[in-house]
Every structure is written in C-alpha cells, then in structure tokens.
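Trainee: sequence-free structure coming up:
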C-alpha cells in the first residue's frame, strides 16, 4: 500500500460524494419545478420518493464510511441495513446488487462500507456482494454472471500501487482512503480478481 497525502484524499472524497449526490439533487430540483404545474403531482411524487430514499441512504452511508468515528453504528445489523440501502440506490431495476452479510464485529463498519463501495463500482450488469469475517480477516467479494469491468479493476489495482487515475478520479476515493487508514494501522490490504469475480481481503 502507498501513502496518499491528506490533500489528495480530501479532493478525491469530496469529488466522489458530490458526484454520487448531484444527480438526485438535480432530480429533486426538477420535480419542485414541476409542482408549479397543476396537473403534475402524480408525476412528481415518485420522483421525490425515489430521490429522497437515494439521498438519505447515500448520505448515511457516506457519513459512516468517510466521517468521524463518533457516528459509529451501535450494532452490526445497523451496518448491514445501511449497506443494503446504499446498494439499492445503485445498478437500477435491471442490474440489481444483492448483499450476503456475515460479520459479527461492528467496529469493522468503516472497512466494510469502503470495501463494498469499491467493489460495487466494478459491476456492469448487477450481481452479488458478500462480506465475511473469518480467520481474523475481512473478505469482501463481488461476483457476477456477466463480466466485471476489467478497466475499473485494473484502475483499483493501480490505486493500491499509489497511482491516482487522471480519468474518473472519483472512483479512487473509497479504496485510496481505506488504503491510507490501513497503512497507518499496519494492516494488510489485498485485491485479486478474475473475469467475473473480485475479492478484497483485509488482515
């Protein structure tokens, strides 16, 4: 793992969060404009409901993944629910991401969420994410019946080698931040992948 400066990490995280929220904020703004039309309420309601759920789910997720530890969840079930809600905001109706969650230690929440965020980016047509705690290590896997994005997986590997991508740098945020945290703690992080699967191992 390679050290990233705090300035670079701040820029990456800010860019990523802004990128992931701006679309739904725009949808809310457009829906509010439609409310000015008397016959538009039926069309506006589902837009507002979907956007409100997405914004709430993502903000709760980002607060835990990138925020201070004073917001730590109380139970592992809270972590699982926040992760599940976040994944529901990704992929779309035809590219669903499911979650298999087998962790008992709430203190692992930040590594869990950052790993899930990292691997969720590599799906093209949906699939399954799994989190498992075993042998004093955390394993987070991505599996799909279709090929994962090879270019994004290579990009992730480059991040672990200290290379920030010029194109789509926001993709680097969760892995770069997690790598920096684990480096300070002296904990190992590894990534391995094939055509239809990828795994992050911590510990």
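Mentor: That came through, no problem. Every value quoted in this text rests on a predicted model; they were computed, and no experiment measured them.

Trainee: shaky segments in the chain?
Mentor: For the chain, the stretches with pLDDT under 70 are 1-3, 29-41.

Trainee: which residue ranges form the helices in it?
Mentor: 6-34, 41-66, 76-88, 109-120, 150-160, 173-185 (DSSP state H).

Trainee: To residue 191, which of the ones you listed lies closest?
Mentor: With distances scored as Cβ to Cβ, the stretch of the helices of the chain nearest to residue 191 is helix 150-160 (5.9 Å). Just so you know, the C-beta spots here come from the backbone N, C-alpha and C atoms, and that holds for glycine as well.

Trainee: just the angle between that closest one and helix 109-120, please?
Mentor: Counting by axes from the mean of the first three to the mean of the last three Cα atoms, to 10 degrees, helix 150-160 lies at 140 degrees to helix 109-120.

Trainee: so helix 150-160 versus helix 6-34, what angle?
Mentor: 140 degrees.

Trainee: please renumber so the chain begins at 13
Mentor: Yes, from this point I'll number from 13; that puts the last item at helix 162-172.

Trainee: How about the spatially most central residue of the chain, nearest residue that isn't a chain neighbour?
Mentor: The centroid of the chain falls nearest to residue 129 when counting by Cα atoms, centre = their mean (2.0 Å). Leaving aside its chain neighbours, residue 129 sits nearest to residue 186 (4.2 Å; criterion: Cβ to Cβ, 6 or more residues apart in numbering).

Trainee: Check whether that neighbour really touches residue 131, as I assumed.
Mentor: No. Using Cβ atoms under 8 Å, residue 186 is not in contact with residue 131; the gap is 9.3 Å.

Trainee: And these two? Which one has more around it.
Mentor: When residue 186 and residue 131 are compared for neighbours, residue 131 comes out ahead with 30 against 26, by other Cβ atoms under 10 Å.

Trainee: these two touch, right, that one and residue 213?
Mentor: No. Using Cβ under 8 Å, residue 131 is not in contact with residue 213, being 11.9 Å away.

Trainee: Need the winner for burial among the helices of the chain.
Mentor: Across those, averaging neighbours per residue (mean count of other Cβ atoms under 10 Å) puts helix 121-132 on top, at a mean of 25.

Trainee: So which elements touch it?
Mentor: helix 53-78, helix 88-100, strand 139-146, strand 149-155, helix 185-197, strand 209-214 (3 or more Cβ pairs under 8 Å, 6 or more residues apart in numbering; DSSP states H and E).

Trainee: For residue 115, find the nearest of these.
Mentor: strand 139-146 (4.5 Å).

Trainee: what does the closest one contact?
Mentor: 95, 99, 109-117, 120, 124, 127-128, 131-132, 150-158, 160 (Cβ atoms under 8 Å, 6 or more residues apart in numbering).

Trainee: one more time with 6 Å
Mentor: Outside of strand 139-146, the residues within contact range by Cβ atoms under 6 Å, 6 or more residues apart in numbering are 110-115, 124, 128, 151-156.

Trainee: And for stretch 188-203?
Mentor: 13, 16, 21, 24, 126, 168, 171, 212, 213, 214.

Trainee: and with 7 Å instead?
Mentor: 13, 15-16, 21, 24-25, 78, 123, 126-127, 168-169, 171-172, 212-215 (Cβ atoms under 7 Å, 6 or more residues apart in numbering).

Trainee: This completes my enquiry, with thanks.
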